[in-house]
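Participant: Next come a sequence and a model predicted from it.
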Amino acid sequence: MGSMKENLYGKSRQELETLLQPWTDRPFHSRQLYGWIHAKGERNFARMTNLPAALRTSLAGKYRIALPVVEVRQKSTDGTVKYLLRLEDGKAVEAVYIPEARRITFCISSQIGCPLACVFCLTGKMGMVRNLSPGEIAGQVALLAADHGLAANTYNLVFMGMGEPLHNYENVMAAFRLLTDPRGFGIAPRHVTLSTAGVVPGIRKLAAEEPRPRIAVSLSATTDDLRDELMPINRAFPLPILFAALREIPLAPRERVTFEYVLLRGINDSASDAVRLASLAGPMPVKVNLIPYNEACVGGYAAPLPAAAQAFRDLLLARGIRASIRKRRGADISAACGQLAILDEGTLQHPIPIS
Ligand code: SAH
């Protein structure tokens, strides 16, 4: 490992320009290299035919271009594919490919583990292992796209995998810039959504970025008492402070803030919860995504009765709030919301890869 060549995947255009300085002072060489890596998906310097041969040789002597390595693909009966990706330090992370009737979504991780410890979430049980680098984040997308032969903008991207993206702000935004650079990977920013548990300073910072991803907030409770219990981050940033920050986001025309709301039977799924949610969120342009609790072997929670979930949604709709119930995807392979975790590497020794 120590003698491994440095990986260029994940470097910004400016970083590549600096790296090339010993060999060339022509800015277009770094632009070409960047285009090969991100727009064309080339991993082999020798094939970068518009770069001088000597430069290609120098690059290959010192650097390499590498994505995370797919160790296991698990395919759900519903078509969802969960990837276990091996990183250069030997640690692993998960990403999920979710085909739906009218769109495809890539669910991408921002951290290994998560420091937030939301009580209903399995990733939270892992604790925080480490942040992912820009290349490890963008690499998940490049890898899933290549695996399915998909061009940019034929799928949506959600930072809803493992981790709290706003706790890894700089690396997530560096990856976002690589992925949305029109001269690079070329995904339209509106196809990207970042989901946060409510890290208010990060939300304020994100709101001022241009371009920025769309914003989703995991709410899951309508009173500070309950939210303090379910999502400990609420003790640092309670609802009035969270909503003050959300109201200040300069939204594009027709843009909405998404609220994710994990429905837990008997805990936050009553009619009065729905009515409170409507009055909290209703004054803003929002859509509410109700997520029936997925089994995560934690805390003894249960999914809401289907009738309760529908009644909850109908109460929101009746108050003019867009609301839908998120379809459960990949639950048979533990790929659904809240189920991503690498709890015991020992169980991963004999995986059953598909295809
Ligand atoms: N940390 C960020 C990104 C993760 S998104 C955030 O919290 O938004 C993952 C989504 O899955 C969140 O909306 C979370 O509330 C939801 N979730 C977590 N555990 C779940 C479970 N057991 N069942 C259903 N949804 C869950």
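Facilitator: Looks like it came in fine.

Participant: Stretch 34-53 - what's its average pLDDT?
Facilitator: For stretch 34-53, the mean per-residue pLDDT is 97.

Participant: what's in contact with it?
Facilitator: 8-9, 13, 16, 24, 29, 32-33, 56-57, 59-60, 63, 65-67, 142, 146, 178, 181, 183-186 (CB atoms under 8 Å, 6 or more residues apart in numbering). (Each C-beta comes from the backbone N, C-alpha and C, glycine too.)

Participant: now for it, what's the gap between its first and last residues?
Facilitator: Length of stretch 34-53, first residue to last, CA to CA, to the nearest Å: 17 Å.

Participant: How about stretch 217-236?
Facilitator: 15 Å.

Participant: Can you point out the buried residues in that stretch?
Facilitator: Using 16 or more other CB atoms under 10 Å as the test for burial, stretch 217-236 gives 217-223, 226-228, 230-234.

Participant: Roughly how far does V119 sit from R265?
Facilitator: 14 Å (CB to CB, to the nearest Å).

Participant: Close to the ligand: what parts of the protein are there?
Facilitator: Residues of the chain lying close to the ligand by CB under 6 Å from any ligand atom are 120-121, 160, 164, 195-197, 218, 220, 260, 262, 291, 293-294, 296, 337-338.

Participant: what do you get if the cut-off is 5 Å, keeping everything else the same?
Facilitator: Counting by CB under 5 Å from any ligand atom, the chain comes close to the ligand at 120-121, 160, 164, 195, 197, 218, 260, 262, 291, 293-294, 296, 337-338.

Participant: Narrow those to those in strands?
Facilitator: 195, 218, 260, 262, 291 (DSSP state E).

Participant: how about the top helix by length along the chain as CSV, C-alpha atoms only?
Facilitator: Using DSSP state H, we find that the single longest helix of the chain is helix 134-148. What follows is helix 134-148 as a C-alpha-only set of coordinates in CSV (Å, rounded to 0.1, in the frame of the first residue of the first chain):
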residue,chain,number,x,y,z
PRO,A,134,-14.2,13.6,-2.8
GLY,A,135,-13.0,10.8,-5.0
GLU,A,136,-14.7,8.1,-2.9
ILE,A,137,-18.0,10.0,-3.0
ALA,A,138,-17.9,11.0,-6.7
GLY,A,139,-16.4,7.5,-7.5
GLN,A,140,-19.6,5.8,-6.2
VAL,A,141,-21.6,7.7,-8.9
ALA,A,142,-19.1,7.0,-11.7
LEU,A,143,-19.0,3.4,-10.8
LEU,A,144,-22.8,2.9,-10.6
ALA,A,145,-23.3,4.8,-13.9
ALA,A,146,-20.6,2.7,-15.7
ASP,A,147,-22.0,-0.6,-14.2
HIS,A,148,-25.4,0.2,-15.7
